[in-house]
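Engineer: sequence and predicted structure are below.
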Protein chains: 2
Amino acid sequence: MGDSAVKELEDRIKKDGRVLGKDVLKVDSFLNHQVDPMLMQSMGKEFYEHFKDQGINKILTVESSGIAPAVMTGLSFGVPVVFARKHKSVTLNDDLYTSEVYSYTKKTSNHISVSKKYLSSDDKVLIIDDFLANGQAVNGLNTIIDAAGADLAGIGIVIEKSFQKGRQLIDKAGIPIYSLARIKAFDNGQVVFEDENE
Amino acid sequence: MGDSAVKELEDRIKKDGRVLGKDVLKVDSFLNHQVDPMLMQSMGKEFYEHFKDQGINKILTVESSGIAPAVMTGLSFGVPVVFARKHKSVTLNDDLYTSEVYSYTKKTSNHISVSKKYLSSDDKVLIIDDFLANGQAVNGLNTIIDAAGADLAGIGIVIEKSFQKGRQLIDKAGIPIYSLARIKAFDNGQVVFEDENE
């Protein structure tokens, strides 16, 4: 079961992913613009299988591309999903937890925020996101979880670019992480996964 | 089955919705910021029951709040979901279908776009959106569907404010529409549905 979701995702990346430049992978055809709901459901079940014993009662992600995998994960857990909102500028607002997220791809900073109503010290949170590269989004979400006094139980990632620094930072911090597809390298426009050629 | 999703949604709106001013309903606790995946799934099944005989092969929505109900609807149909992206300014790009959407709430215009790769004349499209008020978002999506030469099979709305002009415009255009919750009025901060007091 578990392996089948990973295999399905890796096959889909090989078939439909497009490698741009030295470190960009576009998966617009099933994740970031067009979404395959059946694949999202398989992935949600797989995250549930991995994290089901951690007492998780809330899923946290960032709009927009995190929403589909996060909602399917929330469905498997039977718990609410909160998506942090992106803003160009800081909105000073006592009702919000806010943090800053730098995008290496776009070379701009965004602020993300979560209403204080939907995150509290009672929450044991699983972060779900579409990509892990330098770990900026996860770091921003973690800052918000800390500010709320909530507990970060783990991180579930759809596609990890293991050659960028995000994974290493999370491992160093001792946070449980499960990435479905782990990309070791792009080799002449081809995707090489961590578990290949070993 | 059908009625239960509608009833569940109406009860949730009565319990958790907050009426602001004369025409704004905030449902941040289960739809627009925090999302209830189980409710989204019930709604997706309900849209499927209503539109299942229309030959629909694609679901179209707009980021971000449309994504959760749209993905659950796509899961019930077993078809891909495309979410249009919002931009502050027009991005001139031959690869995109683009249209303009005015927000009466925010009093600003956004542009929305869909990649030409994910919408074509082969598509029979169901639009899913979280709210219907003045019909601007639906109109923008319809413009994109026309530009792609695709066929609009119907519109599924989570919450319709029937007292604003969107519903009337869609009925006039003869487009099949199914709104799960139809709000007739806000009466002293209370939500009154179309099917009440009749």
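Structural biologist: Looks like it arrived, so ask away. This is a predicted model, so every value here is computed, not measured.
Engineer: what pLDDT does the model give the residue lying farthest from the centre of chain A?
Structural biologist: The C-alpha centroid of chain A is most remote from A:D94, which lies 26.6 Å away (Cα atoms, centre = their mean). Predicted confidence (pLDDT) for A:D94: 85.
Engineer: how long is stretch A:172-190 end to end?
Structural biologist: 29 Å (Cα to Cα, to the nearest Å).
Engineer: my bad, should have said stretch A:114-134
Structural biologist: This stretch, stretch A:114-134, spans 22 Å end to end (Cα to Cα).
Engineer: close to chain B: what parts of chain A are there?
Structural biologist: Counting by Cβ under 8 Å from any Cβ of the partner chain, chain A comes close to chain B at A:28-30, A:33-38, A:40-41, A:63-64, A:67-68, A:71-72, A:74-75, A:78-83, A:85, A:114-115, A:117-118. C-beta here means a position set from N, CA and C on the backbone, and glycine is covered the same way.
Engineer: A strand includes the residue farthest from the centre of chain A, no?
Structural biologist: No. Checked against DSSP: H, G, I helix; E, B strand; the rest coil, A:D94 lies outside a strand; its state is coil.
Engineer: chain A: strands as residue ranges?
Structural biologist: For chain A, the strands defined by DSSP state E occupy A:18-20, A:24-26, A:34-35, A:58-62, A:81-87, A:96-103, A:108-115, A:124-132, A:151-161, A:177-187, A:190-193.
Engineer: which other helices and strands does the fourth one contact?
Structural biologist: Contacts of strand A:58-62 with other secondary structure elements, assessed using 3 or more Cβ pairs under 8 Å, 6 or more residues apart in numbering or on different chains; DSSP states H and E, are made with helix A:67-77, strand A:81-87, strand A:124-132, helix A:136-147.
Engineer: cool, the fifth one as well?
Structural biologist: In this structure, strand A:81-87 makes packing contacts with strand A:58-62, helix A:67-77, strand A:108-115, helix A:136-147, strand B:34-35, judged by 3+ Cβ pairs under 8 Å, 6+ apart.
Engineer: grab the most central residue of chain A for me.
Structural biologist: By Cα atoms, centre = their mean, the most central residue of chain A is A:D129, 1.4 Å off.
Engineer: show me what contacts the closest residue to that one other than its chain neighbours?
Structural biologist: In this structure, A:D129 finds its nearest non-sequential neighbour in A:G66, 4.9 Å apart by Cβ to Cβ, 6 or more residues apart in numbering or on different chains. Applying Cβ atoms under 8 Å, 6 or more residues apart in numbering or on different chains to A:G66 gives the contacts A:F83, A:I128, A:D129, A:D130.
Engineer: among the residues you listed, which one has the most neighbours?
Structural biologist: Among the contacts of A:G66, A:I128 has the most neighbours (other Cβ atoms under 10 Å in any protein chain shown), with 30 neighbours.
Engineer: what sits closest to it if chain neighbours are left out?
Structural biologist: A:A70 (4.2 Å).
Engineer: just the pLDDT for the one you found.
Structural biologist: pLDDT, read off for A:A70, is 98.
Engineer: ok, it touching A:S64?
Structural biologist: No. A:A70 is beyond contact range of A:S64, at 10.8 Å (criterion: Cβ atoms under 8 Å).
Engineer: those two: who's more crowded?
Structural biologist: A:A70 (32 against 22).
Engineer: ok, that one - contacts?
Structural biologist: Counted by Cβ under 8 Å, 6+ apart, A:A70 has contacts A:I59, A:L60, A:T61, A:V81, A:F83, A:I128, A:D129.
Engineer: let's see that with 6 Å instead.
Structural biologist: When contacts are counted by Cβ atoms under 6 Å, 6 or more residues apart in numbering or on different chains, A:A70 touches A:I59, A:T61, A:V81, A:I128.
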